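Undergrad: Test case, fold it:
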Amino acid sequence: MARLFLAIALLAILAIAGLALLGTVQAVALWAQGKEEDQMPQTFKRISYIVLVILMFGITSGMLGAS
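TA: Purely as a prediction, here's the structure:
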């Protein structure tokens, strides 16, 4: 009976590992296809980057976030 449980556990582990491997292969295949062109305007990118830096500074300095 114990051998049956061990065999089922081994089968489950192999199935989970196989699914993880397939997920990794799919992710790499999608990445290898190439990226789409960036449709975001340069001005919007620059403004969002500046806002991000200000937000990070505010959080790390303690001016923003929980008191």
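
Undergrad: quick one: which helix or strand includes the most centrally placed residue in the chain?
TA: Centroid-nearest residue in the chain, with CA atoms, centre = their mean: residue 27, separated by 10.5 Å. When elements are assigned from DSSP states H and E, residue 27 belongs to helix 2-32.

Undergrad: what's the following helix or strand after that helix?
TA: In N-to-C order, the element after helix 2-32 by DSSP H and E is helix 42-61.

Undergrad: how about the CA coordinates for that following helix, as PDB?
TA: Extracted C-alpha coordinates of helix 42-61, given in PDB (Å, rounded to 0.1, in the frame of the first residue of the first chain):
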ATOM      1  CA  GLN A  42       8.100  59.900 -25.900                       C
ATOM      2  CA  THR A  43       6.700  62.800 -23.800                       C
ATOM      3  CA  PHE A  44       4.400  60.500 -21.900                       C
ATOM      4  CA  LYS A  45       7.400  58.100 -21.200                       C
ATOM      5  CA  ARG A  46       9.500  61.000 -19.900                       C
ATOM      6  CA  ILE A  47       6.700  62.300 -17.600                       C
ATOM      7  CA  SER A  48       5.900  58.900 -16.200                       C
ATOM      8  CA  TYR A  49       9.600  58.300 -15.500                       C
ATOM      9  CA  ILE A  50       9.800  61.600 -13.600                       C
ATOM     10  CA  VAL A  51       6.700  60.800 -11.600                       C
ATOM     11  CA  LEU A  52       8.100  57.400 -10.800                       C
ATOM     12  CA  VAL A  53      11.400  58.800  -9.500                       C
ATOM     13  CA  ILE A  54       9.400  61.400  -7.400                       C
ATOM     14  CA  LEU A  55       7.200  58.700  -6.000                       C
ATOM     15  CA  MET A  56      10.200  56.500  -5.100                       C
ATOM     16  CA  PHE A  57      11.900  59.400  -3.400                       C
ATOM     17  CA  GLY A  58       8.700  60.200  -1.400                       C
ATOM     18  CA  ILE A  59       8.300  56.700  -0.200                       C
ATOM     19  CA  THR A  60      11.900  56.200   0.800                       C
ATOM     20  CA  SER A  61      12.100  59.500   2.600                       C
END
